[in-house]
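I would like the atomic coordinates for the input below:
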Amino acid sequence: MQLPVVSDTSSAKPARPQGTDPNARGRYAVISLGCPKNLVDTEQMLGRLDEDGYNMVGSVDDADFVVVNTCGFIDSAREESLGAIDEMLALKREGKIRNVIVTGCLAERQQGKLLEARPEIDAMIGVFGRNEIVSVIDRLQSGVEEQQKVFRPAPIKPLSDAVRSAVTPRHFAYLKISEGCDRLCTFCAIPKMRGKHFSKPMEQVIDEAKRLGDSGVREIVVVAQDTTYYGKDLYGQPRLNDLLIELDKIDSVDWIRLMYFYPMYIDDALIDTLAGAQRILPYIDMPLQHASDSMLKRMSRKTTRAIQEDIMGKFRSRIKNVVMRTTMIAGFPGESDDDFAELMDFAEKQRFEHLGVFTYSVEEDTPAAKLPNRVPHEIAERRQGELMAMQQKIAFEWNESRVGTVEDVIIDSPLPDEPGVWIGRTRAEAPDIDGIVYVTASDENEAINVGDLIRCEIVAADGYDLVAASLGS
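Purely as a prediction, here's the structure:
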């Protein structure tokens, strides 16, 4: 049986190289689910296991144990996590693997419930227990039966991510600048899983970024639960602008991409930094969730449509060629036809380059779970479809407008079974979540390699994707 070494809720990620070390203390496989922030946790745990002498393999058939790093954010993510756990437990019952260790958000949120339903799980390690991974597995591999199966320490300040074994391609990596969230959005259980907001000290973030650049990473993707809130807990005020100024000075990195902006603490100084940066891409991911003031209030988003429009206007007018990504929620409790019409109007006028839509998912122990006037699921799905249909037209038109332009493309991988064709991304596409660019060489003698940043002409649009031809050297 073959499983992707790393997968998430959208697509499988490439595996880092594996080997068979006869001197390894044990062999393991890993399944990592969920967001890039969870992926950083996976890489940190792998780094510790590698340092301790364990050997990661590419197939569970060759593994002594499997680590499943779970996501617990929404129903579909939980179902995927539970499916992966059940699949690994079935292999354990068949004697194909010895141990199953469950980590991450689902282990943090549902540890008692999960263990009661699946007692064959050997150990569960919560979000803030990731440093326990080596000691837990050491005991399991030595045959010591754990008296304690749940390792869930209290939330602590962000742990260093300097020790990590990358599972992304060598040329890009995620840089987590903080942990947890102080926002109390009524639909979200993240604070219950990942605790209050804690920023990494600026010196630590810069050091980690330099380490990534020195290791060959060309694109750093900055992630957090709430990026714009960075530094508020440490310095008394948000310091994202100061951090970005320092990150932009790192010569070994070509691109810095920003994710998870919250529509607060965005001031003129921050916009000026984004507009004038050398390495920070004009790409901003800012999940807005809705545009109706009544819905934003019920979601406790602490913003309004007017504020969001003002921010968008500043980004569009002051940052050249800025690309905007956002996500919206359809079918939130109490969403009326008028509320949804306002959301449609907002999205149509703003013309986001990238927009994703979730149907509302009931999260236990959140205020929204108790709100009246639930929207029937079929209506929520219909609204999601309507918004995505409109967005598709906007996205396709935008891609068509790019035909004939010249852009830098970073090469992510060769296209399977298509010699001479490569998969890449421009500044406008983030890894895994946006469209891709199919690249062909300028001639048969041009050598293109994964991680190259090459100049291309966009020659065609293919829905959400693009086709480009290298302009050579």
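
number of nearby residues for Y54?
Neighbour count for Y54, taken as other Cβ atoms under 10 Å: 23. (C-beta placed from N, C-alpha, C; glycine too.)

surely it is in contact with R27?
Yes - counting by Cβ atoms under 8 Å, Y54 does reach R27; the two are 7.3 Å apart.

how far does stretch 199-216 sit from the chain's center?
18 Å (Cα atoms, centre = their mean, to the nearest Å).

do the same with stretch 167-185
7 Å.

use 11 as the first number for this chain going forward.
Let's use 11 as the start, then, which means that last one is stretch 177-195.

between the two ends of it, how far is it?
32 Å (Cα to Cα, to the nearest Å).

and if you look at stretch 362-374?
Chord length of stretch 362-374, first to last residue, is 31 Å (Cα to Cα).

what's the pLDDT at V419?
pLDDT for V419: 98.

tell me the secondary structure at it.
Following DSSP: H, G, I helix; E, B strand; the rest coil, V419 is assigned to strand.

who's in contact with G434?
419-422, 446-447, 449, 464, 466, 478 (Cβ atoms under 8 Å, 6 or more residues apart in numbering).

check those residues for burial and list the buried ones.
419-422, 446-447, 449, 464, 466, 478 (16 or more other Cβ atoms under 10 Å).

how many residues are close by K324?
Neighbours around K324, by other Cβ under 10 Å: 17.

the one 4 residues further on too?
Using other Cβ under 10 Å, the number of residues around R328 comes to 14.

for it, give me phi and psi.
phi -110, psi -20 (degrees, to the nearest 10).

and which of the contacts of G434 is nearest to M55?
Distance to M55 across the contacts of G434 (Cβ to Cβ) is lowest for D422, with 24.2 Å.

now do the contacts for the closest one.
Taking Cβ under 8 Å, 6+ apart, we find D422 in contact with 179, 181-182, 432-435, 441, 446, 460.

could you dump the residues you listed to a markdown table with distance to P297?
As requested, these are exported to a markdown table (distance: Cβ to Cβ, whole Å):
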| residue | distance to P297 |
| --- | --- |
| P179 | 25 |
| H181 | 26 |
| F182 | 21 |
| W432 | 31 |
| I433 | 26 |
| G434 | 25 |
| R435 | 20 |
| P441 | 17 |
| I446 | 22 |
| V460 | 30 |
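
which ones among those residues lie within strands?
The members of the contacts of D422 that map onto strands under DSSP state E are 182, 432-435.

and the buried ones among the contacts of G434, which two are the farthest apart?
Counting by Cβ to Cβ, the most remote pair of the buried ones among the contacts of G434 is I446 and I464, 14.7 Å apart.

and the contacts of the lengthiest helix in the chain?
In the chain, assigned by DSSP state H, the helix with the most residues is helix 387-411. With contact meaning Cβ under 8 Å, 6+ apart, helix 387-411 is reached by 338, 340-341, 345, 350, 353-354, 357-358, 361-365, 367-370, 445, 471, 473-476.

and it, what's buried?
So, applying 16+ other Cβ under 10 Å, buried residues of helix 387-411: 389-390, 393-394, 397-398, 401, 404-405, 408-409.

just the closest of the residues you listed to M305, please.
Using Cβ to Cβ, the buried residues of helix 387-411 come closest to M305 at R393, 11.9 Å.
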